[in-house]
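1. Sequence isn't available, so here's the structure alone:
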């Protein structure tokens, strides 16, 4: 049986918006497959800008947090930026408890996150 | 947060309402979790919005038992039972492994550990359950949680409202 993609990636200008397709990211194989797809995206170019949309995600395990940290390190190596959006309250609680809500750049909505990329670019140019 | 492994078993309460044994295969984990969650929700031992955190607690605990405890050795069993009283419920998860050393569990509250890629499962279990009692060198864990009351439901609603007012965090 072929592996289906865990991510749908849409490009909006320089920004890659990665929509997670699974509602539950709990099983080891799911987590590994998702992490590999995200890592490939992070390595795709220098100064990569990734926005991960969690709207479909209802459940995740702590292993996913570890993978997101590894992804953040990779994106930083590529001198890019990583933002997260659409995280429901119950999952945000997991980020809060582990203090990762302050580490990651998290936005309520995709629109706000997209705006923040743009304002950051303007700031850098100025 | 410091993890303690007790030398004595916990004091059990109430009546046994559920018991199951599974071989140490990771593919047995999700069906078991869904069965337990259905039981917890059907009996109103947890609120609907606690389903995510409870699923996470069960997932972390069962991965610890199947993978780290029993090393996915199918000949080794993971035993689960639940007990309940009118005020609270508890779940015991036991494996046949050697247990663990508390010092090996990173302290996520330590800023230097914040960016470690592993070790958050135990913290989350402690956060979302009222009692976490490890014993048998850590190969058994007894988790207890109070049943929801109208007061705890109201508090949860207030917290949610408060967070929304404060913004994203």
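-> Received, thanks. Every value quoted in this text rests on a predicted model; they were computed, and no experiment measured them.
2. contacts and neighbour counts: CA atoms only from here.
-> Fine.
3. Who is residue B:141 paired with across the strands?
-> Beta-bridge partners for residue B:141, by DSSP bridges, are residue B:93, residue B:134.
4. which ones are touching it?
-> Residue B:141 sits next to B:92-94, B:132-135 when contact means Cα atoms under 8 Å, 6 or more residues apart in numbering or on different chains.
5. Within range of chain B, give me the residues from chain A.
-> For chain A, the residues in contact with chain B (Cα under 8 Å from any Cα of the partner chain) are A:26, A:58-63, A:65-67, A:69-70, A:90-91, A:94, A:96-101, A:107-108.
6. Show me what residue of chain B gets nearest to chain A.
-> residue B:117 (3.9 Å; Cα to the nearest Cα).
7. So what's the residue count around that residue?
-> 16 (other Cα atoms under 10 Å in any protein chain shown).
8. next one: residue A:91
-> Applying the criterion other Cα under 10 Å, we find 18 residues in the vicinity of residue A:91.
9. From the centre of chain B, give me the residue that's furthest out.
-> Here the centre of chain B is the reference, and by Cα atoms, centre = their mean the most remote residue is residue B:165, at 30.2 Å.
10. Doesn't that residue belong to a strand?
-> No: read with DSSP: H, G, I helix; E, B strand; the rest coil, residue B:165 is helix and lies in no strand.
11. Looking at the contacts of residue B:141, which two lie furthest apart in space?
-> Farthest pair in those (Cα to Cα) is B:94 and B:132. Separation: 13.2 Å.
12. Of those two, which one has the most company?
-> Ranked by neighbour count (other Cα under 10 Å), residue B:94 and residue B:132 place residue B:94 first, with 27 against 23.
13. In this structure the more buried one contacts residue B:65, no?
-> Yes: Residue B:94 is within contact range of residue B:65, at 6.9 Å (criterion: Cα atoms under 8 Å).
14. Pull the contacting residues for the residue most central in space within chain B.
-> The centroid of chain B falls nearest to residue B:57 when counting by Cα atoms, centre = their mean (3.9 Å). Under the criterion of Cα under 8 Å, 6+ apart, the contact partners of residue B:57 comprise B:121, B:124-125, B:128.
15. so where's the chain uncertain?
-> Chain wasn't specified; assuming chain A. Low-confidence regions of chain A, defined here as pLDDT under 70, cover residues A:1-5, A:119-126.
16. Hmm, no, I was thinking of chain B.
-> For chain B, applying pLDDT under 70 flags the ranges B:108, B:167-169.
17. and with 50 instead?
-> Counting by pLDDT under 50, chain B contains low-confidence ranges at B:169.
18. Enumerate the residues of it near chain A.
-> By Cα under 8 Å from any Cα, the part of chain B that sits against chain A consists of B:49-50, B:52-53, B:55-56, B:59-60, B:108-109, B:114-118, B:120-121, B:123-124, B:127, B:168-169.
19. Any of those residues buried? List them.
-> For those, burial is judged from neighbour counts taken by 16 or more other Cα atoms under 10 Å in any protein chain shown, and it is met by B:52-53, B:55-56, B:59-60, B:108, B:114-118, B:120-121, B:123-124, B:127, B:169.
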